[in-house]
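In: Provided below for reference: sequence and predicted model.
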Amino acid sequence: MVMQRIPFKYYVLGLSLLLASCRKGFEEINTNPNESEVISPEFLMSNVIINTAYGYQKEAYFDKPASAGRYITMVRNEGNDKFDWGPQSWDDYYGRLSANQEMMALATKLNMPQYLAIGKVMAAFNFAYISDLFGDIPYTDALRLKQDRLIHPKYDQQQTVYPALLQTLKEANNDLSNPPGSIDPKADVLYGGVPLQWRKFANSLRLRMLLRIYKNYSPAFTEMQEILNDKTKYPIFESNADNAEIIYQGTVSANSWPGSPQGSSADEFDKRKPSKEIVDALLQRNDPRLAVWIAPVDSANGWKVDPNTYVGVPNAIPAPYDYNGGKTHISRLSSLFSKTNAAMLKASMLTYAEVCFILAECVQAGKVTVPGKTAESLYYDGIHANMKFYGVEQTAIDAHYFDQPLVKYNNTLEQLIGQKWIAGFLKGAEAWFDNRRTGFPKFVLGPLSSTSVLPKRYVYPTGERDTNEAEYQKAVAVFGADNQTTLMWYLK
């Protein structure tokens, strides 16, 4: 049954491979010479953070969100680009939640509420992502197999799930404002045991989620303004130092960047080319991030349709590997994305740049105010933050990047989302989610696309129809047809 708890041993097994040399001291944390060995909340917390961040980032580079967000064009195995997706598994997502639930249960049992609070943040992140992908999902019944032997979980409507998760994040912030115990810095691979950083993550994630649902959640902007009015009570990201992201160690496959030969099979890197849409957008703006992310073509001679030094491949076209005369006339991703690890390669869940663009959109729409900021200043803050992360901020300033007509702030949502899309390059599913929410950027569907519109969601797993049929049928009777174009609650 797809919703059963994945055996916990699989999440403990191989943790040393995931962590490698990232943190030391777990032997002392997890060994009690006076009792039989037990798993501690700290140990499980590291596991949950790593599995969540690495899994989310891998999909952003390796899977459907990269194609739907028009960052990647597949020149082999092109199904993702054609949107012929079919049913999608959610086992990995619920597996992470299962491990997180175990951590929270142990934290409760051992009276370590600081880890319970972190568990709330990770639960909200993972449940929100599942709902963003599928719509209505098992939520209240999802993790009750071990305790209640519940093997046929009901589905909760998204309009119930999202407000509950927002409340969970609010509780986590409050719990961590004066935690009764310390967070082990060796085990906290995300923020080194600093509660303030976790509070910033929780509140910044609330901002993302509130923007996501504002069309059908009337308190959205009121709750946003509550966060923005009290920086002490509700701290949010203020710089790249706050980013919710972790490094890759690059010692084994499991802790290497997924685009590297060590992180995947040797030929996977060349199956993924930068899309024409992202390359053209960077070229049109003389954007210095182009050379960081994209490699120039191998040959300037013999091209067929595009003479540029940097050439992206359109999505969902016949024979994409032959585009523009073949592989020597189309760009690869830069060598950065073939490395096992690098300072600019991190498993990213949420960034300061994204928060700037979220706030810029809301201020631009006249829905909130941010003390000391305007929509224009927040827009520029987002670009600067991303460029600073990639080491090209001064290059952009010197080249008068911000004075260009396409870049200079013009108070339009299209421009703002366009820059947010660029800054989100291979960092998550937000480009896809923003497009289906706003219609921007205006992505072009290729001639071989299996659908006339960008997918709006994933189709539920096949296993749900096989082993949870009754609850599945109840869910789709309320949600709507189980296909890629059915609108979830917050998109209606």
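Out: Perfect, I can see it now. Numbering: from 1, shown residues only.
In: please count neighbours and contacts with C-alpha atoms only from this point.
Out: OK.
In: in a strand, that's where Lys273 is, yeah?
Out: Yes. Counting by DSSP: H, G, I helix; E, B strand; the rest coil, Lys273 is part of a strand.
In: so it versus Ile330, what's the distance?
Out: The gap separating Lys273 from Ile330 is 8 Å, by Cα to Cα, to the nearest Å.
In: how far out from the middle of the chain is the one helix or strand Phe201 maps to?
Out: Using DSSP states H and E, Phe201 sits within helix 195-213. On the basis of Cα atoms, centre = their mean, to the nearest Å, helix 195-213 sits 13 Å off its chain's mean C-alpha point.
In: name the element the residue positioned nearest the centre of the chain belongs to?
Out: What sits nearest the mean C-alpha location of the chain, by Cα atoms, centre = their mean, is Gly428, with 3.4 Å. If you go by DSSP H and E, Gly428 is not part of any helix or strand.
In: what about it, distance to Asn240?
Out: 16 Å.
In: the stretch 251-400 of the chain: helices as residue ranges?
Out: Here the stretch 251-400 of the chain has its helices, by DSSP state H, counting those that start in this stretch, at 276-284, 289-293, 352-364, 375-389, 393-398.
In: pick the most buried one from those.
Out: helix 352-364 (a mean of 24; mean count of other Cα atoms under 10 Å).
In: mind giving me the packing neighbours of that one?
Out: helix 195-213, helix 375-389, helix 413-423 (3 or more Cα pairs under 8 Å, 6 or more residues apart in numbering; DSSP states H and E).
In: Arg96 is nearest to which of those?
Out: helix 195-213 (18.0 Å; Cα to Cα).
In: rewinding a little: any chance of the helices of the stretch 251-400 of the chain in a markdown table with mean pLDDT and distance to Pro455 as columns?
Out: Shown next, in a markdown table, are the helices of the stretch 251-400 of the chain (pLDDT from 0 to 100; distance: least, Cα to Cα, whole Å):
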| stretch | mean pLDDT | distance to Pro455 |
| --- | --- | --- |
| helix 276-284 | 98 | 18 |
| helix 289-293 | 98 | 26 |
| helix 352-364 | 98 | 23 |
| helix 375-389 | 98 | 27 |
| helix 393-398 | 98 | 34 |
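In: out of those helices, nearest to Ser182?
Out: So among the helices of the stretch 251-400 of the chain, helix 352-364 is nearest, using Cα to Cα, at 25.4 Å.
In: any idea how far that closest one is from the chain center?
Out: 16 Å.
In: and the angle from that helix to helix 375-389?
Out: Using axes from the mean of the first three to the mean of the last three Cα atoms, to 10 degrees, the direction of helix 352-364 lies 170 degrees away from that of helix 375-389.
In: output helix 352-364 as CSV, nothing but the C-alphas.
Out: What follows is helix 352-364, C-alpha atoms only, in CSV (Å, rounded to 0.1, in the frame of the first residue of the first chain):
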residue,chain,number,x,y,z
TYR,A,352,16.6,35.1,0.5
ALA,A,353,16.3,36.1,-3.2
GLU,A,354,13.0,34.3,-3.5
VAL,A,355,11.7,36.0,-0.3
CYS,A,356,12.6,39.4,-1.8
PHE,A,357,10.6,38.6,-5.0
ILE,A,358,7.7,37.3,-2.9
LEU,A,359,7.5,40.6,-1.0
ALA,A,360,8.1,42.7,-4.1
GLU,A,361,5.1,41.0,-5.8
CYS,A,362,2.9,41.6,-2.8
VAL,A,363,4.0,45.3,-2.3
GLN,A,364,3.6,45.9,-6.1
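In: ok and that helix relative to helix 195-213, angle-wise?
Out: 50 degrees.
In: which parts of this protein are strands?
Out: 72-74, 244-247, 272-274, 346-350 (DSSP state E).
In: which stretch among those comes nearest Pro447?
Out: Nearest to Pro447, of the strands of the chain and by Cα to Cα, is strand 72-74 at 13.6 Å.
In: which positions in the closest one come out as buried?
Out: 72-74 (16 or more other Cα atoms under 10 Å).
In: same check on stretch 181-191?
Out: So, applying 16+ other Cα under 10 Å, buried residues of stretch 181-191: 183-184, 186-191.
In: which ones are touching Tyr93?
Out: Tyr93 makes contact with 52, 126, 130, according to Cα atoms under 8 Å, 6 or more residues apart in numbering.
In: and Gln114, by the same measure?
Out: If you count contacts by Cα under 8 Å, 6+ apart, then Gln114 has 107, 175-176, 179-183 around it.
In: pLDDT value on it, please?
Out: According to the prediction, Gln114 has pLDDT 96.
In: and Asn111, its phi and psi?
Out: Dihedral angles of Asn111 (phi, psi; degrees, to the nearest 10) stand at phi 60, psi 60.
In: what about it, neighbour count?
Out: Neighbour count for Asn111, taken as other Cα atoms under 10 Å: 13.
In: how close does it get to Tyr61?
Out: In terms of Cα to Cα, Asn111 sits 39 Å off from Tyr61.
In: likewise Asn341?
Out: Asn341 is 14 Å from Tyr61, where distance means Cα to Cα.
In: ok, Met224 next?
Out: Applying Cα to Cα, the value for Met224 to Tyr61 is 30 Å.
In: for the stretch 201-350 of the chain, give me the ranges with low pLDDT.
Out: Nowhere does the stretch 201-350 of the chain drop to pLDDT under 70.
In: kindly recompute the last result at 80.
Out: For the stretch 201-350 of the chain, applying pLDDT under 80 flags the ranges 265-266.
In: re earlier: which one of the helices of the stretch 251-400 of the chain lies nearest to Ser218?
Out: Between the helices of the stretch 251-400 of the chain, helix 352-364 lies closest to Ser218; by Cα to Cα that is 14.1 Å.
In: and the closest residue to Tyr115 other than its chain neighbours, how many neighbours does it have?
Out: Sequence neighbours aside, Ala107 is the residue nearest to Tyr115 in space, at 5.9 Å (criterion: Cα to Cα, 6 or more residues apart in numbering). Here the number of neighbours of Ala107 (other Cα under 10 Å) works out to 20.
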